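From the sequence below, what's the structure:
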Amino acid sequence: MSFDLVLRGGSVVDGSGVAARPADVGIRAGRIAGVGDLAAAESGDELDCRGLVVSPGFIDVHTHSDFTHLLTPLAESLIHQGVTTEVVGNCGFSAAPWRGAVPELQGGFLARYGFAPSWTDLDGYLNAVAAAGNSVNCATLVGHNTIRAAVIGLAARPARADELALMTREVERAMAAGAVGFSSGLSYSPGHAAAPEELAALAAACARAGGVYTTHIRGEDVRLIESVTEALDTAGRSGAPTQLSHHPAKFPANGRTPDTLRMIDTARNGGLDVACDLHPYTAGATWMIQLLPPAAFEGGVASLPARLQETAFRKTMRAELMRATDLVAPVQLIRAGHWGRLRLEYSAATPELIGRDFAALAIERRQDPFDTFFDVMAVQAEGLADAVVIAWVYDEGDIEAVLRHPTSMVGSDGYALGQSGPLGTWRFHPRSYGTFARVLARYVRERGILSLPEAIRKMTQVPARRFRLGQRGLLTQSYVADVVAFDPDRIQDLADYEHPNTLSSGVQHVLVNGTVVLREGVHLGARPGRALRRGD
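Residues are numbered from 1 along each chain as shown. Predicted coordinates for the structure are as follows:
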């Protein structure tokens, strides 16, 4: 036997959930060509995997790297965790279609970095990703908020029948172009205004094409049970396999996750295909602009900083926030007066405020916290589009409950980032750099919440099957050679809330489509990742 490359002497955990076994892994023409004792085999190259676990490359089912793929194509934040594939287009926001009010809604961040999309539809986006080259594979969902902005604009109202027909056609076109599913983000504008009938119709269009419906539910906090019920109802009405995104309950519903997991179990027992994903952190993060209520967007995004200077507008925004029960979870911290659990994580306009919480800032400025909050937003000017806040909204017990649940899989809710290039100093959340290493270090090695084979199964085979990613997610004959080799005693997330852009440690080798990208912990600069289309 001869191979292009052999990973020798490792302990193979193949992604199926079975126990580790000593074995070599042979690669030929980008595929797994042998798993077992390959001591006598010839190879063009070898990787020493003694003392390492060798497994399929990890699949991040929930990211927002739609554009950072193109800005930071080496994706060091992911490669150093062992991630070889990610699913973008989550929470209702995707890179296509790119027309109508979409550039206004989503283009501010790109403008800050001098990037302008050259495509108008999802086929064009995937072609652009393929042409650019990346160190990891990219599959995409098509987003409800993006489709709504393209067809209806930013108006916070239900869709008319003709508009719904146009949005359905957009889902169909995206699925035909290779989207792996359809996502919604019902706490965000403009999707916040969608009626259940609209969601069911669009999810049904996704289901007819064989895709998955993923949802950032309408309320993960005050209206948790009601919102999970809505998601399950959409699953039933549409027939779509349904994924509850970043599922643990958020403040003030902490502790209710066992209830929602029972709801998932009941739905599955009744014949629905429902699952969930999570990241393993007690804090979440979001764009600062998305903390504003839907009414703020109706006057346009570009004018928001100026309007936030106006006393009457502030009064309206404050009243809207104080009665909101279905906006993003950090709003519930605001309603409860927990300003100390909300902090500014990134701001190009006010870097001196990065890491500061709004309670301390308000005291320092001798202001009402709302005025401090609106002041900080207003001075961002055109930088409001990429300002980020972090909010402590999750409960550790809820995280562990979801990790244990048989349907759960891991999604960072982060970005493919790098320590150089245009996003080298942009801060988001440590989950972009640490999610998968943290699961293996904290919840497998240290706390024993999951066994190593089960954790790897949730990161490989389960998501590969869920999103129909072809022959990926297992180390078995003829499957694509997306492979990671890591030290189970040393793998560790090093990114934290103070230093979120810190690479994880312990991953020694990473192969993407059979090409070595990480060798002995060093990124080689290779970019063999592919734009994955449903059915490839």
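
Now the helix-or-strand element of the chain with minimal mean pLDDT: buried residues?
In the chain, no helix or strand scores lower on mean pLDDT, DSSP states H and E than helix 102-112, which sits at a mean of 89. Neighbour-count burial for helix 102-112 flags 102-103, 105-110, 112 (criterion: 16 or more other CB atoms under 10 Å). Glycine gets a C-beta too; all of them are placed from N, C-alpha and C.

so is the closest residue to residue 119 other than its chain neighbours in a helix, a strand, or just coil?
The shortest distance from residue 119 to any residue other than its chain neighbours is 4.9 Å, reached at residue 125 (CB to CB, 6 or more residues apart in numbering). At residue 125, secondary structure determined by DSSP: H, G, I helix; E, B strand; the rest coil is helix.

repeat for the one 4 residues further on
Following three-state DSSP, the label given to residue 129 is helix.

any idea how far it is from residue 522?
Counting by CB to CB, to the nearest Å, the gap between residue 129 and residue 522 amounts to 25 Å.

Pick out whichever of the two has more residues nearby.
residue 129 (26 against 10; other CB atoms under 10 Å).

measure the closest residue in space to the more buried one that isn't next to it in sequence to residue 62 for me?
Distance criterion CB to CB, 6+ apart; nearest residue to residue 129, sequence neighbours excluded, is residue 531 at 4.2 Å. Look at residue 531 and residue 62: by CB to CB, they are 18 Å apart.

Have a look at these two and say which one is more surrounded.
Neighbour count, other CB under 10 Å: between residue 531 and residue 62, residue 62 has more, with 28 against 21.

thought the more buried one was touching residue 413?
Yes - Residue 62 lies in contact with residue 413 (CB atoms under 8 Å); the separation is 5.4 Å.

Centre-most residue in this structure?
The residue lying closest to the centre of the chain (CA atoms, centre = their mean) is residue 63, at 2.2 Å.

in the sheet, who's paired with it?
residue 414 (DSSP bridges).

residues contacting it?
86-88, 90, 411-416 (CB atoms under 8 Å, 6 or more residues apart in numbering).

Identify the contacts common to residue 62 and residue 413.
Common neighbours of residue 62 and residue 413, using CB under 8 Å, 6+ apart, are 90, 245-246, 279.

now these in TSV, with neighbour count, secondary structure and distance to residue 265?
As requested, the shared contacts of residue 62 and residue 413 are arranged in TSV below (neighbours: other CB atoms under 10 Å; DSSP: H, G, I helix; E, B strand; the rest coil; distance: CB to CB, whole Å):
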residue	neighbour count	secondary structure	distance to residue 265
90	30	coil	24
245	24	coil	18
246	24	coil	19
279	30	coil	22
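
got those as JSON lines, with distance to residue 478 columns?
Listed next are the shared contacts of residue 62 and residue 413 as JSON lines, based on distance: CB to CB, whole Å:
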{"residue": "90", "distance to residue 478": "30"}
{"residue": "245", "distance to residue 478": "32"}
{"residue": "246", "distance to residue 478": "34"}
{"residue": "279", "distance to residue 478": "32"}
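
what two of the residues you listed are the furthest from one another?
90 and 279 (11.7 Å; CB to CB).

now the end-to-end length of stretch 300-308.
End-to-end span of stretch 300-308 (CA to CA, to the nearest Å): 12 Å.

Stretch 216-231 now?
9 Å.

Mind listing what's buried along that stretch?
216-224, 227-228, 230-231.

what residues does that stretch touch?
Counting by CB under 8 Å, 6+ apart, 90-92, 183-188, 192, 196, 199, 215, 242, 244-246, 249-253, 256, 259-260, 263-264, 274, 325-326, 329, 332, 393 sit against stretch 216-231.

Break down the stretch 301-450 of the chain into its strands, ranges please.
With strands called from DSSP state E, counting those that start in this stretch, the stretch 301-450 of the chain shows them at 342-346, 388-392, 408-410.
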